[in-house]
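>>> Model the structure of this input:
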Amino acid sequence: MTAPLTRADGTPLRVLVVDDEPNIAELLMMALRYEGWDVRTAATGRDAVSTAREHAPDVIVLDWMLPDVDGLEVLRRVRQHDDRVPVLFLTARDAVEDRVAGLTAGGDDYVTKPFSLEEVVARVRALVRRTGVLEQRSDHVVTVGDLTLDEDSRDVTRAGTPIELTATEFELLRYLMRNQRRVLSKAQILDRVWNYDFGGQANVVELYISYLRKKIDAGREPMIHTKRGAGYVLKPAETS
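Predicted coordinates:
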């Protein structure tokens, strides 16, 4: 049996489930509570935002289509209050552009309906493992060239300028920085950052690499490089 996940202080992981279909919300709540987690539910976008502020969840399972505002708007409002909480989208939309829209808006993962409860639980576990909620960190700063990442505060700067990252972007950057000058394949990145195969859709790596480049390399000497047919490598910027 899989060991239960708890927060760094030993208290149950806090999960917010947002879905306007009572049967789905109830099933998800039962499955997540079976993991020993503290689960709250909301049926509307407005309830979701207020519950998130009161409950301070460690992860949110968020339906894309809601009766008042859609999941993207809920995500935007939640992130105004907590810009780090990871979000798993539940969506009936299976088009590539919709998946990209959810990830671009700051979502960290998605599951397409109909889904299995086991898959949702597995993806929630994967999300919280890469957000730093689970372990008590000691101060640890990783530096590559003028790029600095603080694993304790989760602050990232380049040449002293703060860079805001989502939870997934942070974990991807940390993996690249910990393996500076080493070429990492898409498969390696998927296994380490997403903790599972992501349905074989390795293009999610390309998508998040592009996000990082816009935040890390924009207007500066590049640090993230593509090695065609091999993968990606991060190394100090070349100076003239």
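>>> hey, C-alpha coordinates of the strand or helix carrying V17 in CSV?
Per DSSP states H and E: V17 is located in strand 14-18. Provided in CSV are the C-alpha atoms of strand 14-18 (Å, rounded to 0.1, in the frame of the first residue of the first chain):
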residue,chain,number,x,y,z
ARG,A,14,-5.2,19.9,2.0
VAL,A,15,-7.1,19.4,-1.3
LEU,A,16,-9.9,21.5,-2.8
VAL,A,17,-12.1,19.8,-5.4
VAL,A,18,-14.1,22.1,-7.6
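>>> Can you name the residues in contact with the following helix or strand past it?
Reading on from strand 14-18 to the C-terminus, the next helix or strand found by DSSP H and E is helix 22-34. The contact list for helix 22-34 (CB atoms under 8 Å, 6 or more residues apart in numbering) reads 15, 17, 19, 39, 41, 43, 61, 63, 90, 117, 120-121, 124. C-betas here are computed from N, CA, C, even on glycine.
>>> mind redoing it with 7 Å?
Outside helix 22-34, the residues that touch it by CB atoms under 7 Å, 6 or more residues apart in numbering are V15, V17, D19, V39, T41, A43, V61, L117, V120, V121, V124.
>>> sorry, back to before: what are the pairing partners of the strand holding V17, and which direction each?
Take DSSP bridges as the rule and strand 14-18 pairs in its sheet with strand 38-42 (parallel), strand 59-63 (parallel).
>>> Take the contacts of helix 22-34 and write them to JSON lines, including distance to S185, neighbour count and pLDDT.
Below are the contacts of helix 22-34 laid out as JSON lines (distance: CB to CB, whole Å; neighbours: other CB atoms under 10 Å; pLDDT from 0 to 100):
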{"residue": "V15", "distance to S185": "32", "neighbour count": "24", "pLDDT": "95"}
{"residue": "V17", "distance to S185": "35", "neighbour count": "29", "pLDDT": "97"}
{"residue": "D19", "distance to S185": "36", "neighbour count": "25", "pLDDT": "95"}
{"residue": "V39", "distance to S185": "36", "neighbour count": "22", "pLDDT": "95"}
{"residue": "T41", "distance to S185": "39", "neighbour count": "19", "pLDDT": "96"}
{"residue": "A43", "distance to S185": "42", "neighbour count": "18", "pLDDT": "96"}
{"residue": "V61", "distance to S185": "30", "neighbour count": "27", "pLDDT": "96"}
{"residue": "L117", "distance to S185": "31", "neighbour count": "14", "pLDDT": "93"}
{"residue": "V120", "distance to S185": "28", "neighbour count": "19", "pLDDT": "93"}
{"residue": "V121", "distance to S185": "28", "neighbour count": "18", "pLDDT": "93"}
{"residue": "V124", "distance to S185": "26", "neighbour count": "27", "pLDDT": "92"}
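>>> pretty sure L176 is touching L234, no?
Yes: with contacts counted by CB atoms under 7 Å, L176 reaches L234, the gap being 4.0 Å.
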